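Q: Got a sequence here, can you model it:
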Amino acid sequence: MARKATAQDVADLAGVSRSSVSLVLNGRGAGNLSPEKQRAVRAAAQQLDYTPNAVALSLRSRRTRTLGVLTWPGAVGFSQTMLHRALRKAGEHSYLLLVMDTDGDADVERRQLDTLRDRQVDGFLVVSPAMAHYRPAEVLTSTPTVLLNCLDPDRRVSGVSPDEVQAGRRAAEVLLRQGHRRIGLLVGDPDALQTQLRVSGVQQAVTAAGGVPPQPCVAGRNIDEGARGARAMLSGPDRPTAVVCTHERLAVGAALVAAELGLGVPAELSLVSLEDGERLTSRLDPPMTTVHRPDGAMAEQAVSLLLEQLGTGTEEVRQLLFGCPVRERGSVAAPGQRRGPAGRPR
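A: Model (predicted):
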């Protein structure tokens, strides 16, 4: 039977000391080793199929090497991408995740926090399915904790989130560069923080370009609601030449109504979605231009930030914002000839 690889084997292959291997695989490489050496250690460990002995690590560090995760389902379920990437990142450092579904209920959350504390987790990760405000319980403010895709209004704990205002601006700017000035805005829950931030970004961009900021057309979150909202918006006498949809399913509904009304995309109507997490809009014909939310990268950064807190003992509260790049596809063009609801030129 082949000999099991040791930390020294990893060190020899990566060209570093054994203590350096320990630092990297225990999540304490940042600030102690260069990024290149950290990558070399992880690559060597993967090549040799090396995993540290969890029991020995726990005895030495007096930690359980487990992280408690609090999450809940949103309008389209759990954030599978964020949970998957957090799980993978934690596993790279020999940490386990204990994932608890709070169902968005404060009483359930309190009971689950008690359970996780009984399990002696080393820290907590709170994962919101949609950008929202989150007020952490007292235990989370006194234990290493990182919020993912949500913000503590009082800034008592660290967080990692997307720049939703920037996302809205970029969606509008794609259309403004093509010459659109009558831009419609199809939104979900107007009271949701995510919607408010995205709407603010769109309106800021249109105002900066000298236009009149579009007023949101509230349409819910599913495809049928998006279709109803888009139909009302596009059937009027002064319809927009382009529409920004704050949610992916609304964008699908808008595309269906455009086809129903005989409006060609993008020749007669340009469409931009601020989401494509379910890979719906990118599969349309033509594929829709979207603003990408870097959920996977955010999740990995959140875990790294939490492990950094555990490794250094720092209590510094940090708020990290991730940019949202545009993925231009085939649904945006310069304004074309206006047509009536039946497809006849006006």
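Q: How is the chain divided into domains?
A: 1-52, 164-292 (automatic domain parsing).
Q: mean pLDDT for the ones you listed: which is lowest?
A: Ranked by mean pLDDT, those bottom out at domain 1-52, with a mean of 82.
Q: all strands for this protein, in order.
A: All strands of the chain, identified by DSSP state E, fall at 66-71, 96-101, 123-133, 145-151, 158-162, 183-187, 217-218, 242-245, 270-273, 289-291, 319-322, 326-327.
Q: what angle do the fourth one and strand 66-71 make?
A: Strand 145-151 and strand 66-71 meet at an angle of 20 degrees, taking axes from the mean of the first three to the mean of the last three CA atoms, to 10 degrees as the criterion.
Q: between strand 145-151 and strand 123-133, what angle do the directions make?
A: Going by the same axes, to 10 degrees, strand 145-151 makes 10 degrees with strand 123-133.
Q: before we move on, back to that, Throw the strands of the chain into a markdown table and include mean neighbour count and distance to residue 21, thanks.
A: (Each C-beta comes from the backbone N, C-alpha and C, glycine too.) Converted to a markdown table, these look like this (neighbours: other CB atoms under 10 Å; distance: least, CB to CB, whole Å):
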| stretch | mean neighbour count | distance to residue 21 |
| --- | --- | --- |
| strand 66-71 | 24 | 22 |
| strand 96-101 | 16 | 20 |
| strand 123-133 | 21 | 22 |
| strand 145-151 | 25 | 25 |
| strand 158-162 | 23 | 27 |
| strand 183-187 | 26 | 50 |
| strand 217-218 | 17 | 55 |
| strand 242-245 | 31 | 48 |
| strand 270-273 | 28 | 44 |
| strand 289-291 | 27 | 40 |
| strand 319-322 | 15 | 27 |
| strand 326-327 | 16 | 38 |
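Q: For the domains of the chain, could you give me CSV that also reports distance to residue 118?
A: Shown next, in CSV, are those (distance: least, CB to CB, whole Å):
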stretch, distance to residue 118
domain 1-52, 23
domain 164-292, 32
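Q: Highest mean neighbour count out of these?
A: Most buried of those by mean neighbour count (mean count of other CB atoms under 10 Å) is domain 164-292; its value is a mean of 21.
Q: so how far is that one from its chain's centroid?
A: Offset of domain 164-292 from its chain centre (CA atoms, centre = their mean, to the nearest Å): 19 Å.
Q: What of stretch 148-166?
A: The answer for stretch 148-166 is 11 Å, by CA atoms, centre = their mean.
Q: For residue 128, which of the domains of the chain is the nearest?
A: Each of these has some distance to residue 128 by CB to CB; the shortest is domain 164-292, at 9.4 Å.
Q: if I look at the residue nearest to residue 110 when sequence neighbours are not counted, how far off is residue 107?
A: Sequence neighbours aside, residue 137 is the residue nearest to residue 110 in space, at 6.8 Å (criterion: CB to CB, 6 or more residues apart in numbering). Relative to residue 107, residue 137 is positioned 11 Å away (CB to CB, to the nearest Å).
Q: These two - which one has more neighbours?
A: Higher neighbour count among residue 137 and residue 107: residue 137, with 16 against 9, using other CB atoms under 10 Å.
Q: And the residue most central in space within the chain, how far from residue 275?
A: Against the mean C-alpha coordinate of the chain, by CA atoms, centre = their mean, the closest residue is residue 295 at 3.1 Å. Between residue 295 and residue 275 the distance is 10 Å, computed by CB to CB.
Q: Next: residue 165.
A: 15 Å.
Q: the helices in the stretch 101-250 of the chain, which residues?
A: Counting by DSSP state H, counting those that start in this stretch, the stretch 101-250 of the chain has helices at residues 106-118, 138-141, 164-177, 193-208, 223-234, 248-260.
Q: Can you name every helix or strand that the last one contacts?
A: Right, the one you point to is helix 248-260. Where contact means 3 or more CB pairs under 8 Å, 6 or more residues apart in numbering; DSSP states H and E, helix 248-260 is packed against strand 183-187, helix 223-234, strand 242-245, strand 270-273.
Q: same for the last one, what does it pack against?
A: Under the contact criterion of 3+ CB pairs under 8 Å, 6+ apart, the helices and strands touching strand 270-273 comprise helix 164-177, strand 242-245, helix 248-260, strand 289-291.
Q: now do the second one
A: For helix 223-234, the elements it packs on are strand 183-187, strand 217-218, strand 242-245, helix 248-260, judged by 3+ CB pairs under 8 Å, 6+ apart.
Q: Save these as JSON lines, and put in distance to residue 281 too.
A: Shown next, in JSON lines, are those (distance: least, CB to CB, whole Å):
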{"stretch": "strand 183-187", "distance to residue 281": "13"}
{"stretch": "strand 217-218", "distance to residue 281": "18"}
{"stretch": "strand 242-245", "distance to residue 281": "8"}
{"stretch": "helix 248-260", "distance to residue 281": "5"}
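Q: among the ones you listed, which is nearest residue 154?
A: The nearest among the helices and strands packed on helix 223-234, by CB to CB, is strand 183-187 at 27.2 Å.
Q: will you turn the helices of the stretch 101-250 of the chain into TSV that also has distance to residue 155?
A: Shown next, in TSV, are the helices of the stretch 101-250 of the chain (distance: least, CB to CB, whole Å):
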stretch	distance to residue 155
helix 106-118	20
helix 138-141	11
helix 164-177	17
helix 193-208	15
helix 223-234	35
helix 248-260	30
